[in-house]
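**Student:** okay, sequence plus prediction incoming.
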Amino acid sequence: MVRLFSLFYSKTPEIKDSSGKVKSKSIASLEKIELGGITQHILIRGHDTNNPLLLFIHGGPGMAVIALAHRFDRELEKHFVMVNWDQRGAGKSFSKKVPKDTMNVEQFISDAHELVLKLKERFNKEKIYLVGHSWGSHLGSLLVHRFPEHFYAYVGIGQVVNLPDLERISYQFVVEEAKKRNNKKALKALEKLHPYTGMDHKETMKQRKWLYKFGGATHAFKSPYALFKMGMGAREYSLRDIIKMLRGLLFSMKTMWHDLFQYDLSEIIKEYKVPIYFFIGKYDYNTPFEISEEFFKNVKAPQKEYIWFEHSAHMPNYEENEKYTDLLINKVLPETYK
């Protein structure tokens, strides 16, 4: 019976006090929501609904992370109402009914904007916080740039600026690492990809195999697959949801990848109207820091800070979760919640 339940059903635990009673102002809700005409899924958790809202936009595209909230968001839930969103075609929101022609950047901006408006109305908030990771930082930047009036601040983790430069530098990194390690198997495989642009998602996945192996995606963790294992025990994801997550990742990459190359933030965004913080892993060659560093120097913002995570690659919010959490609670929040 337990196995059958875990196969088809998911839920999120209630937030309780030390005596075991559900906190009166808390919220712990796994919900369906219609965005852009299709059903999508969000996880909302917080100890006090009077606290500021924080929307986390996952990467990928298709790398849904609701299953990781139980492991990494516990402390944040005490200070924010945390909202994790499985985007169109990703994770719990994956369905064969999602039209392929809606898997594009403009539709995702529209979905995200609609979600922000619904959250603000529901919780009676003037503004919210936005955190975007990887592809989510690309989407998040475009969203904040178009609709700054909705946000206290924006945090970009593994900030994406433009994909052509990103893929070129990432490819150079794995080739150089393969030479340093005298890894002939890697060199042979990478040579077959030359000239590499990254625009073919199948070639990108082949390049990523060696990026993961050579530490350009994770540093403190042995591999990105460690995160997948951590998510396996989440009550928010049934076994069926885990299968959907894997299918959604492939679907999202296949349908969206080419469109991402059309958006160069260095050309689109010259100024943010809200405070911005970039959280960057020192060893990140999934979204090479050289690109975001140059973009950050040139872009204008009322307040901006570029913060290094010395023991991370592309996943600083997970690899150095304590530092990430502390920065949001004790730096970003007091500096911008006005």
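**Tutor:** Thanks, I have the structure now. Because the structure is a prediction, the values reported are computed rather than measured.
**Student:** which positions within the helix of greatest length in the chain qualify as buried?
**Tutor:** When the chain is scanned for its longest helix (criterion: DSSP state H), the result is helix 239-260. For helix 239-260, burial by neighbour count (16 or more other C-beta atoms under 10 Å) applies to 239, 241-242, 244-245, 247-249, 251-257, 260. Where C-beta positions appear, they are placed from N, C-alpha and C, glycine not excepted.
**Student:** what is that helix packed up against?
**Tutor:** Applying 3 or more C-beta pairs under 8 Å, 6 or more residues apart in numbering; DSSP states H and E, we find helix 239-260 packed against helix 2-8, helix 105-123, helix 201-213.
**Student:** quick one on the thing from earlier: which of the buried residues of helix 239-260 sits closest to P164?
**Tutor:** Among these, L260 lies closest to P164 (C-beta to C-beta), at 10.3 Å.
**Student:** quick one: low-confidence ranges for the stretch 51-200 of the chain?
**Tutor:** Residues of the stretch 51-200 of the chain meeting the criterion pLDDT under 70: none.
**Student:** strands of that one, start to end?
**Tutor:** For the stretch 51-200 of the chain, the strands defined by DSSP state E, counting those that start in this stretch cover 53-57, 81-86, 128-133, 151-157.
**Student:** quick one: which of the ones you listed is nearest L117?
**Tutor:** strand 128-133 (10.3 Å).
**Student:** residues in contact with that closest one: which ones?
**Tutor:** Residues from elsewhere that reach strand 128-133 (C-beta atoms under 8 Å, 6 or more residues apart in numbering): 52-59, 65, 80, 116, 119-120, 138-141, 143-144, 150-158, 317, 328, 332-333, 336.
**Student:** at 6 Å what do you get?
**Tutor:** Residues from elsewhere that reach strand 128-133, judged by C-beta atoms under 6 Å, 6 or more residues apart in numbering: 53-57, 59, 140, 151-158.
**Student:** out of those residues, which is nearest to L30?
**Tutor:** Distance to L30 across those (C-beta to C-beta) is lowest for F56, with 14.8 Å.
**Student:** about what we covered before: among the strands of the stretch 51-200 of the chain, which is nearest I15?
**Tutor:** Distance to I15, taken as C-beta to C-beta, is lowest for strand 81-86 among these, at 10.9 Å.
**Student:** okay, the angle between the closest one and helix 239-260?
**Tutor:** With axes from the mean of the first three to the mean of the last three C-alpha atoms, to 10 degrees defining the directions, strand 81-86 sits at 80 degrees from helix 239-260.
**Student:** strand 81-86 vs strand 53-57, what angle?
**Tutor:** For strand 81-86 against strand 53-57, the angle by the same axes, to 10 degrees is 20 degrees.
**Student:** residue contacts, the residue most central in space within the chain?
**Tutor:** For the chain, the residue sitting closest to the mean C-alpha position, by C-alpha atoms, centre = their mean, is H58 at 2.3 Å. Neighbour list for H58: A64, V65, G136 [criterion: C-beta under 6 Å, 6+ apart].
**Student:** could you dump these to CSV with neighbour count?
**Tutor:** Converted to CSV, the contacts of H58 look like this (neighbours: other C-beta atoms under 10 Å):
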residue, neighbour count
A64, 29
V65, 28
G136, 30
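**Student:** helices of the chain, start to end?
**Tutor:** Ranges of helices in the chain, per DSSP H, are 2-8, 69-72, 105-123, 135-146, 163-180, 184-191, 201-213, 225-231, 239-260, 265-268, 289-298, 316-319, 321-327, 333-336.
**Student:** nearest to I38, out of those helices?
**Tutor:** When the helices of the chain are compared by C-beta to C-beta, helix 105-123 sits nearest I38, at 8.7 Å.
**Student:** check which residues of that closest one are buried.
**Tutor:** Using 16+ other C-beta under 10 Å as the test for burial, helix 105-123 gives 105, 107-116, 119, 123.
**Student:** straight-line length of stretch 60-79, end to end?
**Tutor:** With C-alpha to C-alpha, to the nearest Å as the measure, the ends of stretch 60-79 fall 27 Å from one another.
**Student:** what does that stretch rub up against?
**Tutor:** The contact list for stretch 60-79 (C-beta under 6 Å, 6+ apart) reads 43, 45-47, 58, 82, 84, 86, 90-91, 135, 230-231, 234, 236-237, 245, 248-249, 252-253, 256, 318, 321, 325, 329.
**Student:** wait, isn't Y306 in contact with F278?
**Tutor:** Yes - counting by C-beta atoms under 6 Å, Y306 does reach F278; the two are 4.9 Å apart.
**Student:** quickly list what's touching both of the two.
**Tutor:** F296.
**Student:** among the two, which residue is more densely surrounded?
**Tutor:** In this view Y306 and F278 are compared by other C-beta atoms under 10 Å, and F278 has more residues nearby, 22 against 17.
**Student:** what distance do you get for that one to H70?
**Tutor:** The spacing between F278 and H70, counted by C-beta to C-beta, to the nearest Å, is 27 Å.
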